[in-house]
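# give me a 3D structure for the following:
(one chain, ligands or ions: 1)
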Amino acid sequence: MTELGFSDFSAYEVYLDDHPEEWQILDSILQITISRFYRDRGVFDILCSRVLPLMAKDILLHGGDEVRCWTAGCCSGEEAYTLQILWKLCVLPAVHKDLPLRIIATDINHDALKRAQEGNYSESSLKDLPKELIQKAFVQSGKFYAIRKTFRENIEFLEQDIRLRLPEGSFHIIFCRNLVFTYFEDALQRQILGGIIEKLLKRGILVVGIHESLPKGVTGVIQHEENPCIYKKSG
Ligand SMILES: C[S@@+](CC[C@H](N)C(=O)[O-])C[C@H]1O[C@@H](n2cnc3c(N)ncnc32)[C@H](O)[C@@H]1O
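Residues are numbered from 1 along each chain as shown. I've put the predicted structure just below:
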């Protein structure tokens, strides 16, 4: 608004009506690209100690040979890499079997995805990640920490607007945190949640942010007994 010389919202609203291309600029300004590794520790602790090992055992029991995960609004890859680190260093050793975790990580923001692909992080991004995991998963170079190659495997980053499309295929785990259920209006939340539930495999889980909840009256998922941010597919 300052750049365009507007001092009040109503003038900017009129400008938006007259200049549809301005919506895109406004949309990109409103993208909050803040994330960090192991964000919301309690949720990752439960996932790592109970939910994911049980899921891995269940998938192996039913003859599955991979676990598929989608992180929606993945920012610079913090969530996707956290999961791959936990999977390889905590979950697989607990189930004593090899079972690859394949992650599709989507975001609308091109620059954030570029940073994700580079995989270099400042110390502040890692402040919640337990020290022993930092030591095993990163190589420090000056002020930055580069994620080791083994934790980059099986992660595909895609530029996608979740309002327009969802990634192909179906998933055992979907992370949708601090995006849809924080920033979007109710009707859009319901529409996207419908797509997410369709993409969840039987016994799959949906993880939302700690300050988020699903729209009222939604069916198709129920809260997991282990943590209110984790939902499991019902029926
Ligand atoms: C606040 S960050 C949350 C990152 C991560 N999920 C977390 O909880 O730490 C929100 C992310 O959603 C992305 N985003 C915003 N609008 C989007 C859209 N329409 N489609 C896909 N990603 C979007 C932003 O670029 C940003 O990286």
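# distance of Glu153 from Gly5?
Plainly put, Glu153 is 50 Å away from Gly5 if you go by C-beta to C-beta, to the nearest Å. C-beta here means a position set from N, CA and C on the backbone, and glycine is covered the same way.
# Glu132 and the ligand: what is the separation?
22 Å (C-beta to the nearest ligand atom, to the nearest Å).
# neighbours around that residue, how many?
Other residues lying near Glu132 total 9 when counted by other C-beta atoms under 10 Å.
# more crowded one of Glu153 and Gly5?
Glu153 (13 against 8).
# for the spatially closest residue to that one that is not a sequence neighbour, helix, strand, or coil?
In space, and not counting its chain neighbours, Glu153 is closest to Gln84: 7.7 Å by C-beta to C-beta, 6 or more residues apart in numbering. At Gln84, secondary structure determined by DSSP: H, G, I helix; E, B strand; the rest coil is helix.
# Gln84 touches Asn154, doesn't it?
Yes: Gln84 lies in contact with Asn154 (C-beta atoms under 8 Å); the separation is 7.0 Å.
# name all residues that make contact with the residue nearest in space to the middle of the chain.
In the chain, the centroid-proximal residue (C-alpha atoms, centre = their mean) is Thr71; its distance is 3.3 Å. By C-beta atoms under 8 Å, 6 or more residues apart in numbering, Thr71 lies in contact with Glu79, Ala80, Leu83, Ile103, Ile104, Ala105, Thr106, Ile174, Phe175.
# so which of those residues is the closest to Ala187?
Ile174 (20.2 Å; C-beta to C-beta).
# how much space separates the closest one from Ile104?
With C-beta to C-beta as the criterion, Ile174 and Ile104 are 10 Å apart.
# tell me which element the residue lying closest to Phe6 once chain neighbours are set aside falls in.
Take Phe6 and drop its neighbours on the chain: the residue closest to it by C-beta to C-beta, 6+ apart is Tyr12, 4.6 Å away. Assigned by DSSP states H and E, Tyr12 belongs to helix 9-18.
# Tyr81 now?
Counting by DSSP H and E, Tyr81 is found in helix 78-86.
# elements contacting that helix?
Using 3 or more C-beta pairs under 8 Å, 6 or more residues apart in numbering; DSSP states H and E as the contact test, the elements touching helix 78-86 are strand 67-72, strand 101-107, helix 131-137, strand 155-159, strand 171-176.
# export these to TSV and append columns for mean pLDDT.
Compiled in TSV, these are given as follows (pLDDT from 0 to 100):
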stretch	mean pLDDT
strand 67-72	98
strand 101-107	98
helix 131-137	97
strand 155-159	98
strand 171-176	98
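# quick revisit: the helix holding Tyr81 close to the ligand?
Yes: if you take C-beta under 6 Å from any ligand atom as the test, helix 78-86 does meet the ligand, through Glu79.
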